Structure formats: C-alpha cells, structure tokens
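Engineer: Give me coordinates for this.
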Amino acid sequence: MITSIIIIHKITLGIIKMKNIKLSLALVSILTISSSAFGNDTADIAELKQQVKELQEMTQVLTDETSDLQTGFNYTTVDSEKSYSGLGPAASKVYYSKSPLSIGGYGEMYYANTKGGDSETQVKRFITYFGYKFSDNIILNTEIEYEGGGVTASGSGDEVIIEFMYLDFLQNKNFNARVGNFLMPVGLINEQHEPTLFTTVQRPKTSYYLIPSTWHESGVMAYGNIVDGLEYKAAVTSALQTKADSSPKGSSLDKPKWIRSGRGGSFEVKNPTAAFTGRVDYTGLNGLMVGASIYYAPSSKIEDLTADVFMYDVHVDYKINGFRVYGLYTETSRNNATNIANISTNTTNSAVEKAKGGYLNASFDVLSLTSSQFKLPIFIQYESVNARAEVVNTSANTNYDAYDAVNTTTVGMNFFPHEQVVLKLDYAMADNSYLTNNGQTEDTASVSIGFIF
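Structural biologist: Numbers count the residues shown, from 1 in each chain. Modelled structure (predicted):
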C-alpha cells in the first residue's frame, strides 16, 4: 500500500509543476494522512513529509517571484537577526539578497546638552551600502558615509568617504577570501557600528580613541570557521601611521588621537607598511559571542621614524531573553617612544607608549515581560579610557597629571517601535582626578534617532 501511495504521490508532483499548486498540496496532505492509516513504514512517511515541506517552500518562492513581476522590483528587507562574517545586519544585506543588486544603509542624528557647557544638534551620519553579486561566490560590498551633515561642515573633520569597498571570494564555510578596503576585525563596534546594535547615543570613547572606529584599511583577509561555532579572521593590511602626541596640554577630556589620527582608510597612503591582524570568536552557545583579536604593525611610521605597534582586545556579547551584556578591554603599546618624543616637529616633546581602557554595558528590555511587540531596553554602562596610560616626556617643564583616565557612567533607555528603528535617551557622567581637583564634572544629556534599512 505504501509503495502505491508513493507512486501516486510522485505523479502528483508532476501535476503540481504544471497546474494548481494549492490543490496539489491539499492532495499531498491527504495522501500523507492515508499513508499513516494504511501502514507504519516510517521511512516512507518521512519522505512524504519532506516532499510536502519542499512544495511549501516552492510555493513561497513562486509567490515572491509573482510579486516581483507585478511590482517590477526585486528587493530584500533587512533581517536584524542576520549578520554575515561579523558585519551589521544592513551591511550583510547583499549576502542574503534576492537580487544581484542590493541597496541598504543606516543613519543617526542627535541632540546633546552638556552641563555648564554647549548644546548641539547634528545629523551625525548617513550611510549607504551598495552591494552586487557577480556570481554566487564573487560579491562586491561597499559603504559610503556622509558624516556631520555633509562636506559643508568644514573644519570639523566631517567628510564624505568610502568606508569600505571589497570583493569577497566565497569558497566554503571554512575558508573565504576578502580583497580590497575593509573594516578591521578588531573589537565589537568597528565591524558592527550600526546604531541599532549599541545602546548609547554616541559610540563608546574606547571605540573612538583606542580602537579608532570606524577603522578600515586596504589589504587581504581570510575568514571562516575553524569548527562549527568557532570563527576566525586573519588579515594583512596597510598599517596605522601613529602620531607622536596630537593633543596639547589641557583638559583630560581632550584626549590625544595618536592612534586615531594614524588610520589609512580609503585615502591615498604614501609608502604603506604592513600590519597583521588575527581574530577568533566563539559562538557555539546560543546568544553568546566571546572572543579576542590582536593587531601587530612591525614598522609603523611616525614621520621619519618607525615603531612596533601592538594592540589587543578581549570582548563579549551575551543575550538571553530580554537581558544583554556586552563589553571589551583593549591595550595598545609601541616602542621607540624616546626617539619619537625628540622629533623636531613635536612641540610637546612627548610620545605615548601605551593606551588602555574598556567598557561594560548591561541592559534589560522591560517590555520583554509583556506581550508587547516593541522593545524598551534600559541600560547602564561604565567606561574607563586612558589614551596616555604611559608617556615618555623629554621636557621637564610639562605636567601630565591632566591626562589620567576618564571614567564615564552612562544610564539611559532605547525604544524600538520597529526592529530597524531606535529612539535613544541617555545621561553620561564623566570625571577624573583633574576635573575633580578643579571642582568640575562633565555631564551630558543626549537624545537621538537611528535606523537601518
């Protein structure tokens, strides 16, 4: 009896491809029930159920294609739960696109008011992602950033810039190659910097001064799975060209940018030297990502000198139900600081040898306790940043007590009316010994909107 049912079922499959899908699915369902009634051959029953599942998937594909023909446009929406090789959901869009051409992006703007200081509002950045599939295994992915409202915001460092442009050559889950200008696989936010992915209005200072997000360099990278749940990335890129000490003496909140100012980015880099980056992440436990990365530039340039620059970070991101905790710790060090301090153009006669810092952020979505479709995570973040943890000073007239670590506690909330849209509110309280000794604090209230598409 089972054999007869299978023969009839296969004939039905042919009818499905030529005529009415819904009617055929109903017939298959009846046959599946009949097979249970007339026999107990579990293997044949499982085969029938698998074929029903395949027909249902075929129906959905045909429905999508019919919709595309009617509208004349084939598009892919952002799945906020999908990330390809550590990229943000919008940046990952091309890898899951139904069409060869993919367009996505994100944006954010904010208002901030500092106690006893200035207030400001700004369209912080608008990003467009353009991706194209030359084939199933050759993929172009690009990011173009409009920062600070556009190029007319002169004097502030705002710019229009290509943040990455690379080709991926996909082989298998264990080995793939990336060639071009790409985001450095260091830390948490550098690759996942879309505004829906972190809770604070502004990116952590750690991801500005210590891991100079958004940090992108030109080179080649291999990536994939060592085993299931254990991912790796290994890259050879252009190296940071770190600075001696780019910040004058003053408030410790005016941190030096000796790391950040050395990024090569997508602009012309004269006589680049090589740097090596490695990263490993464990994702084998549901909701957990924990890992580490290292960066080594053996001949990083500082004007007419070179130095060895070494950076590492350890990071974690864990989500369970409505609770999330994420954070990292990082250090950067370099040698040859005494010679760097004596560079003739170095007016401070100092050079940083070491920077360190990190942050920890914990949040809970209070609406996860209800049946609401929205999300409302409330969070607290503690961060400590010292971009001048160790300094070589060849001038006896300079006092560097003003450059202790800046410790910032931030509290706030996010509201997600849609998984791709976030409204943020936070209050950041920053202090260090310099500010405390001078009876000062730096408290900033901020609100923002952010979205991905």
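Engineer: Identify each buried residue in stretch 285-295, please.
Structural biologist: Within stretch 285-295, the residues that count as buried by 16 or more other CB atoms under 10 Å are Met289, Gly291, Ala292, Ser293, Tyr295. Where C-beta positions appear, they are placed from N, C-alpha and C, glycine not excepted.
Engineer: now, among those, which is nearest to Arg279?
Structural biologist: Distance to Arg279, by CB to CB, is smallest for Ser293 among the buried residues of stretch 285-295, at 3.9 Å.
Engineer: in the sheet, who's paired with that closest one?
Structural biologist: Beta bridges link Ser293 to Arg279, Asp313, judged by DSSP bridges.
Engineer: Please look at it and Gly187 and confirm they touch.
Structural biologist: Yes: using CB atoms under 8 Å, Ser293 is in contact with Gly187, at 7.0 Å.
Engineer: where do the contact lists of those two overlap?
Structural biologist: Asp313, His315 (CB atoms under 8 Å, 6 or more residues apart in numbering).
Engineer: How far does the host helix or strand of Gly291 sit from its chain's centre?
Structural biologist: According to DSSP states H and E, Gly291 maps onto strand 288-302. The gap between where strand 288-302 is centred and where its chain is centred comes out at 16 Å by CA atoms, centre = their mean, to the nearest Å.
Engineer: now for that strand, which elements pack on it?
Structural biologist: strand 274-282, strand 305-320 (3 or more CB pairs under 8 Å, 6 or more residues apart in numbering; DSSP states H and E).
Engineer: now that strand against strand 274-282, angle please.
Structural biologist: On the basis of axes from the mean of the first three to the mean of the last three CA atoms, to 10 degrees, strand 288-302 is oriented at 170 degrees to strand 274-282.
Engineer: quick one on the thing from earlier: could I get the buried residues of stretch 285-295 as a markdown table with distance to Met109 and pLDDT?
Structural biologist: Output for those, formatted as a markdown table (distance: CB to CB, whole Å; pLDDT from 0 to 100):
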| residue | distance to Met109 | pLDDT |
| --- | --- | --- |
| Met289 | 29 | 98 |
| Gly291 | 32 | 98 |
| Ala292 | 34 | 98 |
| Ser293 | 31 | 98 |
| Tyr295 | 32 | 98 |
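Engineer: thinking again about what came up before, and the helices and strands packed on strand 288-302: which comes nearest Glu143?
Structural biologist: Ranking these by their distance to Glu143 (criterion: CB to CB) puts strand 274-282 first, at 18.8 Å.
Engineer: mind listing what's buried in the closest one?
Structural biologist: Under 16+ other CB under 10 Å, the buried positions of strand 274-282 are Ala275, Thr277, Gly278, Arg279, Val280, Asp281.
Engineer: Strands of the stretch 101-250 of the chain, start to end?
Structural biologist: 101-114, 119-135, 138-147, 160-170, 176-183, 216-227, 230-238 (DSSP state E, counting those that start in this stretch).
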